[in-house]
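*Asks:* fold the following for me, if possible:
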Amino acid sequence: MATNGRTVTVFGGTGFLGRRIVRHLRDHEFPVRIASRHPDQAHRRFGSDDPLLQSVEANIHDERSVADALAGAYGVINAASLYIEHGQETFHSVHVEAAQRVAAQTRRAGVERLVHVSGIGADAASQSRYIRKRGEGELAVRAVFPDALFIRPAVMFGLDDAFLTTTLKLLRQLPIYPMFGRGRTRLQPAHVEDVAEAIARLMQRAETPSLIFELGGPRIYSYEQFLRTVAHEAALAPRLVPIPFAVWHVMAWASEKLPSPVLTRNQVELMQIDTVSSPDMPGLVELGISPDSVEAILLEMLSISG
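*Replies:* Take a look at the predicted model:
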């Protein structure tokens, strides 16, 4: 499928996943318009010498701003996300209201394809506010753009992430490691580069086998298995100590009183929920991608850090 001239607008294009999406779209020869509130960040990250990369100022909370960023686009990817609420930036404002705004303006502009990035487990009935708003966001997007494609990644890891990098750092620093619960929560970490490549391939394909894709890595771990895997690869032998979730909730409540909380109740809630791709949903393999393992990327990280 020819991509020349088919501009793709990416909201959230300077974020952890978004900047990889931009690069993979370019690898597939798409002209890319990076829509963000701070276009100077995009210039610094991607440079200004690529004629097929355009950085524009856009605010997902403003309809006119969103509409301007969509003008003449073939496709739109909404990778804007929020993990910690602050002020008027809430899970509802970003994952529901802004998601619906982008979808509605995408439909109004006559854009052919919309890819909305959500997350595994997104459920409008969930007790977790984060997961509930992700689910409500999917429903809001589908209501105004029925043919939208939904990407639900598992927890993502990469060379400059806040997941694997932080886990490794803490395992190195703490000989006694406090574990969430008994470490039985299941997770299926996905390499962020694989997720970005999947999105680029979906934008390139004329037809797709589904409207929902759940992207998980090659292995399912219990949380304890994951910690032991990371420790083993780093030649560490920490003592893992189970801490009841009730205790974590109290600590998170106290942490949220700080200007920059190191832990939130939302994060604790997420650690109580399995994030494993459904066997009934297509994923990376169906898109022709052989997913990278945590161990392979961890070895690369260790070689860089020494």
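*Asks:* for residue 170, see how far away the closest residue to residue 244 other than its chain neighbours is.
*Replies:* Nearest residue to residue 244 in three dimensions, chain neighbours excluded: residue 181, at 6.7 Å (C-beta to C-beta, 6 or more residues apart in numbering). From N, CA and C alone the C-beta is placed, and that goes for glycine too. Relative to residue 170, residue 181 is positioned 17 Å away (C-beta to C-beta, to the nearest Å).
*Asks:* same question for residue 61.
*Replies:* Separation of residue 61 from residue 170 (C-beta to C-beta): 35 Å.
*Asks:* again, but for residue 115
*Replies:* Counting by C-beta to C-beta, the separation of residue 115 from residue 170 is 34 Å.
*Asks:* more neighbours: which of the two?
*Replies:* Comparing residue 115 with residue 170 by other C-beta atoms under 10 Å, the one with more neighbours is residue 115, at 23 against 14.
*Asks:* in a helix, the more buried one, correct?
*Replies:* No - counting by DSSP: H, G, I helix; E, B strand; the rest coil, one finds residue 115 to be strand, located in no helix.
*Asks:* what pLDDT is listed against the residue nearest to residue 244?
*Replies:* Residue 181 carries a pLDDT score of 96 in this model.
*Asks:* give me the number of residues near residue 147?
*Replies:* Neighbourhood size, residue 147 [other C-beta under 10 Å]: 11.
*Asks:* is it true that it lies in a helix?
*Replies:* No - under three-state DSSP, residue 147 falls outside any helix and is assigned coil.
*Asks:* next up, phi/psi of the closest residue to it other than its chain neighbours, please.
*Replies:* Closest residue to residue 147 apart from its sequence neighbours, by C-beta to C-beta, 6+ apart: residue 211 at 7.1 Å. Reported as degrees, to the nearest 10, the phi and psi values for residue 211 are phi -100, psi -10.
*Asks:* what stretches of the chain score poorly on pLDDT?
*Replies:* For the chain, the stretches with pLDDT under 70 are 1-4, 43, 47-48, 305-306.
*Asks:* and the contacts of the top helix by length along the chain?
*Replies:* With secondary structure taken from DSSP state H, the chain has its longest helix at helix 129-144. With contact meaning C-beta atoms under 8 Å, 6 or more residues apart in numbering, helix 129-144 is reached by 78, 83, 91-92, 95-97, 99-100, 102-104, 107, 114, 116, 118-119, 121-126, 148, 150, 266, 269-270, 273.
*Asks:* gap between the two ends of stretch 90-100?
*Replies:* Using C-alpha to C-alpha, to the nearest Å, one end of stretch 90-100 lies 15 Å from the other.
*Asks:* buried ones in that stretch, by neighbour count?
*Replies:* 91, 93-100 (16 or more other C-beta atoms under 10 Å).
*Asks:* do the same with stretch 9-27
*Replies:* Across stretch 9-27, burial judged by 16+ other C-beta under 10 Å covers 9-26.
*Asks:* stretch 209-223 now?
*Replies:* Buried residues in stretch 209-223, counted by 16+ other C-beta under 10 Å: 212-218, 220-221, 223.
*Asks:* same deal with stretch 272-285?
*Replies:* 273, 275-277, 281-284.
*Asks:* and what of stretch 106-114?
*Replies:* 106-107, 109, 111, 113-114.
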